[in-house]
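Chemist: Sharing a sequence plus its predicted fold:
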Amino acid sequence: MKYFNLKQITVLISFVGFAFIFSCTTLETNTCYLVVGDSLSTVELGAVTDLKSDLDKVVDGDVHLISEKEELPKKGDFFVIGTTKSNSLIKELSFQQKINLSEAIPGSRGGIWSKAKLSSGQEVIVIGGSDVQGLQYAVYDYSKEILGVDPLEYWTGKLPSKKSGLDLYDFQPRTIPPPKVPLLAYFENDVDELANYRGKLLEYDWETYTEMIDALVRMRYNAIQLFDMLGRPEFFIRPEYKTLKPDYQIDIAYVGKMIDYAHERGMKIAVDFNLGYQIHPMPAEKADCWKTYKNDWLEAWRYYFEETPLAKTDIFILRPRHQVWDWKYESSCGENKIDVFNEVYKAFGNLVDEYKTGATKVLVCYSDGMEMWNSGFRPPKDWIVLWSDHGFGDFEHLPNTTDGYDFGTYMHAGYWLNHTVHNPYPEKVETVMKEMFQNYDADAFCLVNGQNFRPFLLNLEAYSAVCNDPETFNGGDFYKNWTERFFSKEVAQHAVASMKWLHKAQEGRRGYVEHLWEIREAVSYLSNAPIERPGKTPIPFDYNRVESDYQTTIQSNEIIQKSLIEAKKGWALEQSDFYHAYILLPVQLYSDLLAFETTLHKMAVLKRQFETSKNPSFLEESIALVPVARDQLARIFEHRESGDLDKKWNNWYSIKLRRQNNGFPTVEMLNDIAANLNKMTL
């Protein structure tokens, strides 16, 4: 970790307003001074700079940094910030028992707010941490709760109101205890919209990336797992992505810069060391036979450690799956996959120990990995084991034993099946996470998949809150408090009601992207054309596939209309950009898609009735619905292209720039349907 010496601190103070030392007697009493130590680390400096920025937003006077070695002005509001290691004033106040803070109290990742009197007689606000992360949480909690600065300000547009000098002191001394879960990591996965919406495809622009990191830090996430931005195989192999960006090439230097920024903000870097990244891809045919290609796997990992920015990894993740594509490991050479991965985890773990002794190693039991665990798969004991939900907050499998391992969870704030429209479920977060903590001691680590981040803010904060303090977390209270942060109490009630209906509409893991697949099945049947899948066998058109979707789509559509009614009630009372973006628009998009799918289903029923009865009237009725479907598809395009009211988010819902999962309905598809139905009348 980088530290600043006294000379550097002096230069920094000069940069932010050193001139006040020569004229302090003329300053107003509402001038704020942030008193920092001489051994300020990079991460501490980031937190202090953020606090200065937050104060600048809410106070009328100036805000300055000042070294602990400088004589304090006679007047002003003073913040003494740091740890007992980095700030001698905090160390002195602790020694004098004026504050209750040490490395052990409240403990790692814990901190305090307090008010104290220095030996000079000046009253100060103390914001301190047992360690650097504890200081971060103390600072950001103070900013949120006392200054009113929203941790998601960039993403929500919520701005704080002005504060008086008295407001700054309007708190009781607080101890911020260490969180229940010491490692809370964000999984950077399925990020197409986040990477694409500003025009540079499949790469974060720097502002978006850093703002995401900053928001995560304020939400108490202390690690980020990089994945898409390492060049996931889809980006340079799948035809859809080759069409979108034929010259895709990972910028390795940029990856290194991204990692450095996260480290500067106090985040650990986690990486799943699969072998398909464009940063150094291994041929897929070598990823399904360990005994033959063992040396290729090991050499590829060594290359990561020696030749790429992944050498900066802090948390080493591995899934017991195919090491290029995210699917089950099915050996091409007759191996038992449990035996394979018992060997793989030992070998990879030895490499980690060789290159980075003491680093954290994490097994993610995703999908069939849980079945493997329950059938006897075991990594070495120094691996943390993460148990995975099924994508929508629940578990399809539970461990038959934790077998003495440190256990944690891999949860989804969003999932690829509902990638476009969120599934809000803070009440499920409460019940499921508390059960995992109580029944399996699964509190060593929590990895949260946030998909493309912006639509999943509610669940991301809910997971952070329950991992911080499950004893006090209540899903219903969280819902109420979260919405009232952004909307009036009356509007918040409609927002919560709408989101609860939106959640219910997705029961059975049937999110927006899953409905895109159902639409493909309906289009396939109506046009008598197989579903083409790049690299896979086409799926023949089949009425039974469509029929199985009827009832659930009807139910989802009925429920989503209730969600839309509540969303519109709130909108009638408060037309804010964020209400539109987070409450109204997602439900409108979902409703549009279900209306279109429902019409296709009606057409499919009529086509089937014609096929069984040969009565041409059924076919005529089906053909008559084509214009209805065209209008509904046009409505889908219109709402997605118009998108947010805040122009900062232009192109977020662009159909061209969407995540390339399950395709998207087109006018050409409807033309094919019409042509096929008309041909059947001949």
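Modeler: Perfect, thanks for sending it.
Chemist: rest of the way, CA atoms for contacts and neighbours
Modeler: OK.
Chemist: what are the ranges of the helices in the stretch 101-250 of the chain?
Modeler: Secondary structure of the stretch 101-250 of the chain by DSSP state H, counting those that start in this stretch: the helices cover 132-145, 153-156, 165-168, 192-196, 206-218, 233-237, 239-244.
Chemist: Redo these as TSV? Include distance to F437, mean pLDDT and mean neighbour count.
Modeler: What follows is the helices of the stretch 101-250 of the chain, written out as TSV (distance: least, CA to CA, whole Å; pLDDT from 0 to 100; neighbours: other CA atoms under 10 Å):
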stretch	distance to F437	mean pLDDT	mean neighbour count
helix 132-145	22	98	24
helix 153-156	31	98	16
helix 165-168	37	93	14
helix 192-196	32	95	23
helix 206-218	23	97	18
helix 233-237	35	95	19
helix 239-244	40	93	15
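Chemist: would you list those in CSV and tack on distance to K115?
Modeler: Shown next, in CSV, are the helices of the stretch 101-250 of the chain (distance: least, CA to CA, whole Å):
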stretch, distance to K115
helix 132-145, 13
helix 153-156, 28
helix 165-168, 11
helix 192-196, 42
helix 206-218, 23
helix 233-237, 53
helix 239-244, 56
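Chemist: which one of those lies closest to D50?
Modeler: The closest of the helices of the stretch 101-250 of the chain to D50 is helix 132-145. By CA to CA, the value is 8.4 Å.
Chemist: To T409, which of the helices of the stretch 101-250 of the chain lies closest?
Modeler: Using CA to CA, these put helix 206-218 closest to T409, at 18.2 Å.
Chemist: what comes into contact with the closest one?
Modeler: The contact list for helix 206-218 (CA atoms under 8 Å, 6 or more residues apart in numbering) reads 136-137, 140-141, 151-152, 154, 186, 194, 222, 258, 261-262, 265-267, 453.
Chemist: what stretches of the stretch 51-200 of the chain score poorly on pLDDT?
Modeler: Nowhere does the stretch 51-200 of the chain drop to pLDDT under 70.
Chemist: If you could redo that for the chain, that was the one I meant.
Modeler: Within the chain, the stretches with pLDDT under 70 are 1-29, 535.
Chemist: Spatially central residue for it, please.
Modeler: The chain has G450 as the residue nearest its centroid, 2.5 Å off, counting by CA atoms, centre = their mean.
Chemist: wait, what's in contact with it?
Modeler: Y186, F187, E188, N189, H412, A413, G414, Y415, F456, L460.
Chemist: Same check on D54?
Modeler: D54 makes contacts with S143, L147, V149, as judged by CA under 8 Å, 6+ apart.
Chemist: what's the offset of the host helix or strand of it from the middle of its chain?
Modeler: Using DSSP states H and E, the element containing D54 is helix 42-58. How far helix 42-58 lies from its chain's middle: 23 Å, per CA atoms, centre = their mean, to the nearest Å.
Chemist: Any idea how far the helix or strand following it is from the middle of the chain?
Modeler: Using DSSP H and E, the helix or strand that follows helix 42-58 towards the C-terminus is strand 63-67. Distance, stretch centre to chain centre, for strand 63-67: 34 Å (CA atoms, centre = their mean).
Chemist: Tell me the buried residues in strand 63-67?
Modeler: V63, H64, L65, I66, S67 (16 or more other CA atoms under 10 Å).
Chemist: close enough to count as contact, the second one and N30?
Modeler: By that I understand H64. No - in this structure, H64 is not within contact of N30 by CA atoms under 8 Å, at 11.5 Å.
Chemist: Looking at the helices of the stretch 101-250 of the chain, spot the one closest to D441.
Modeler: The closest of the helices of the stretch 101-250 of the chain to D441 is helix 132-145. By CA to CA, the value is 23.2 Å.
Chemist: Which secondary structure elements does the closest one sit against?
Modeler: The contact analysis (3 or more CA pairs under 8 Å, 6 or more residues apart in numbering; DSSP states H and E) places helix 132-145 against helix 42-58, strand 77-83, strand 111-117, strand 123-129, strand 174-176, helix 206-218.
Chemist: Any chance of TSV for the ones you listed, columns distance to G199?
Modeler: Formatted as TSV, the helices and strands packed on helix 132-145 follow (distance: least, CA to CA, whole Å):
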stretch	distance to G199
helix 42-58	29
strand 77-83	40
strand 111-117	41
strand 123-129	41
strand 174-176	42
helix 206-218	12
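Chemist: and K163, which of the ones you listed is closest to it?
Modeler: Using CA to CA, the nearest of these to K163 is helix 42-58, at 5.3 Å.
Chemist: Identify each buried residue in the closest one, please.
Modeler: Buried, per 16+ other CA under 10 Å, within helix 42-58: 42-52, 54-58.
Chemist: tilt between that helix and helix 132-145?
Modeler: 10 degrees (axes from the mean of the first three to the mean of the last three CA atoms, to 10 degrees).
Chemist: which pair in the buried residues of strand 63-67 spans the largest distance?
Modeler: Using CA to CA, the two most remote members of these are V63 and S67, lying 13.6 Å apart.
Chemist: secondary structure class for L447?
Modeler: Following DSSP: H, G, I helix; E, B strand; the rest coil, we place L447 in the strand state.
Chemist: just use 9 as the starting number from now, easier for me
Modeler: With 9 as the first residue, the last one maps to L455.
Chemist: residues contacting it?
Modeler: If you count contacts by CA under 8 Å, 6+ apart, L455 has them with L192, A193, Y194, F195, L394, T417, Y418, M419.
Chemist: Report the beta-bridge partners for the fourth one.
Modeler: Put plainly, it is F195. Beta bridges link F195 to Q233, N457, judged by DSSP bridges.
Chemist: what about it, how many neighbours?
Modeler: Using other CA atoms under 10 Å, the number of residues around F195 comes to 25.
Chemist: That one and M419: what is the separation?
Modeler: From F195 across to M419, the span is 10 Å (CA to CA, to the nearest Å).
Chemist: okay, and the common contacts of the two?
Modeler: Common neighbours of F195 and M419 (criterion: CA under 8 Å, 6+ apart): L455, V456, N457.
Chemist: Need the nearest residue in space to D654, chain neighbours excluded.
Modeler: Counting by CA to CA, 6 or more residues apart in numbering, D654 lies nearest to D585, which is 6.0 Å off, once chain neighbours are set aside.
Chemist: I figured that neighbour hits D652, correct?
Modeler: Yes - the pair D585 / D652 is scored as a contact, 7.4 Å apart, by CA under 8 Å.
Chemist: Put the buried members of the contacts of L455 into a ChimeraX selection.
Modeler: Buried members of the contacts of L455, defined by 16+ other CA under 10 Å, are picked up in ChimeraX with:
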select :192,193,194,195,394,417,418,419
